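>>> Curious how this folds, go ahead:
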Amino acid sequence: SDSSPSSDFNGFRQRGRRGRSTRRHQSVQRLSAVLGHIDPYVPSSEPFSNYLERLEAFFEVNGTSNDEMVSSLVVLIGPEMYAVLKNLVAPEKPKNKSFDELLTVLTDHYSPQGI
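Below is the predicted model of the structure:
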């Protein structure tokens, strides 16, 4: 069996429409091989700026793409912070906002200026 890069590409091309399900499967496999762990944010345990630094490092080490950052954030922040986030962006849903918009809303809430 030839496992050269060109044979991998040809195999991908030959799969045609099945390529999408293969990519989804690879994404699921990648999620099961996450490096490190990040706990949900607990305001009483650390400043929000520290949590953001850890979150950024977590995304970096796991190669999280920009497209995956919103859904990853929703999964990682935990139920308490998600409830706050959902309330802050209502009536929209967090998944319909950009990652930067969500960070701005959360930063304004957890680290208000002038305090």
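>>> pLDDT score assigned to the most centrally placed residue in the chain?
Central residue of the chain (CA atoms, centre = their mean): Ser72, 2.3 Å from the mean position. The predicted local confidence for Ser72 comes out at a pLDDT of 94.
>>> Where does the prediction get shaky in the protein?
Low-confidence regions of the chain, defined by pLDDT under 70, span residues 1-32, 114-115.
>>> I'd like the domain boundaries of it, if you could list them.
The record, using automatic domain parsing to delimit domains, assigns the chain the ranges 1-33, 37-115.
>>> in this structure, which spans are helices?
Shown for the chain, the helices assigned by DSSP state H span residues 5-15, 18-32, 48-61, 66-76, 78-89, 99-110.
>>> my read: the residue nearest to the centre of the chain touches Gly63, true?
No. Ser72 sits out of contact with Gly63 when judged by CB atoms under 8 Å, with a separation of 11.2 Å. In short, each C-beta sits where N, CA and C put it, glycine included.
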